[in-house]
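Participant: Provide a 3D model corresponding to the input given below.
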Amino acid sequence: MRWLLIDKILECEPGVSAVGIKTFPRSDLIFMDHFPGFPIVPGVLQVEMIAQMIGKCAAMAKPGVLPVLGSVKSAKFYGNIHPGDLCTVRARVEKISKTYVLGEGEIEVDGRRVASASILFGLVDRSKLNSEGFDSVSQEFLARKTMNAGELR
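Facilitator: Numbers count the residues shown, from 1 in each chain. Sure thing, here's the model as predicted:
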């Protein structure tokens with residue numbers, strides 16, 4: 001199963017920062033059990049949303065590597081995410097080295113922060129994986145960016 005927790009990348013300065021969005025439809029299966037009568041997005045998926053946004057930002061700066069979760073340095077939850085909420089996920093890459101990436105991010109709903117996390121990633125050489133380049137969300141962002149750059153000329 002693939003957990004694609006970023007629907008669209010709105011902005012990205014590769015290796016520096018990125019902003020994306022995610023909406024969880026009411027029909028999402030996670031809401032059947034989390035929690036009956038009070039459906040909210042689990043905290044672990046909120047951390048994964050932040051991790052995916054940081055990872056996409058770092059991978060665009062270093063396309064030959066795949067950032068993989070090493071550790072969650074900290075995570076804090078300030079509010080709930082309900083079915084239908086539009087989540088804005090902001091990510092900042094604090095440091096990229098040959099072997100790791102350190103980043104921070106947060107999730108906002110209606111302009112209020114609902115979660116934040118600091119995450120450390122290890123870097124894996126993509127040529128050693130049975131994996132294609134970027135995921136579809138990152139590819140769509142890069143195609144839009146290339147198209148917009150061509151229009152400015």
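Participant: So, low pLDDT: which residues of this structure?
Facilitator: The model of the chain has pLDDT under 70 over residues 1, 131-134, 150-153.
Participant: rerun at 90
Facilitator: When residues are selected by pLDDT under 90, those of the chain lie in 1-3, 36, 63-64, 126-136, 138-139, 142-143, 145-153.
Participant: got the residue ranges for the helices in it?
Facilitator: For the chain, applying DSSP state H gives helices covering 30-33, 43-61, 136-152.
Participant: between the longest one and helix 136-152, how big is the angle?
Facilitator: I take that to be helix 43-61. Per axes from the mean of the first three to the mean of the last three CA atoms, to 10 degrees, the angle that helix 43-61 makes with helix 136-152 is 40 degrees.
Participant: For this structure, which segments count as strands?
Facilitator: Using DSSP state E, the strands of the chain run over 8-13, 17-23, 65-77, 86-96, 100-109, 112-125.
Participant: I'd like those strands written out as JSON lines, with mean neighbour count and distance to residue 49 added.
Facilitator: Any C-beta I mention is one placed from the backbone N, CA and C, and that applies to glycine too. What follows is those, written out as JSON lines (neighbours: other CB atoms under 10 Å; distance: least, CB to CB, whole Å):
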{"stretch": "strand 8-13", "mean neighbour count": "16", "distance to residue 49": "12"}
{"stretch": "strand 17-23", "mean neighbour count": "20", "distance to residue 49": "6"}
{"stretch": "strand 65-77", "mean neighbour count": "15", "distance to residue 49": "11"}
{"stretch": "strand 86-96", "mean neighbour count": "19", "distance to residue 49": "5"}
{"stretch": "strand 100-109", "mean neighbour count": "21", "distance to residue 49": "6"}
{"stretch": "strand 112-125", "mean neighbour count": "18", "distance to residue 49": "8"}
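Participant: Centroid-nearest residue for the protein?
Facilitator: residue 53 (2.2 Å; CA atoms, centre = their mean).
Participant: Need the nearest residue in space to that one, chain neighbours excluded.
Facilitator: If the residues on either side of it in the chain are set aside, residue 53 comes closest to residue 91, at 3.9 Å by CB to CB, 6 or more residues apart in numbering.
Participant: Enumerate every residue touching that neighbour.
Facilitator: For residue 91, the contact set (CB atoms under 8 Å, 6 or more residues apart in numbering) comprises 17, 18, 19, 20, 50, 53, 54, 56, 57, 103, 104, 105.
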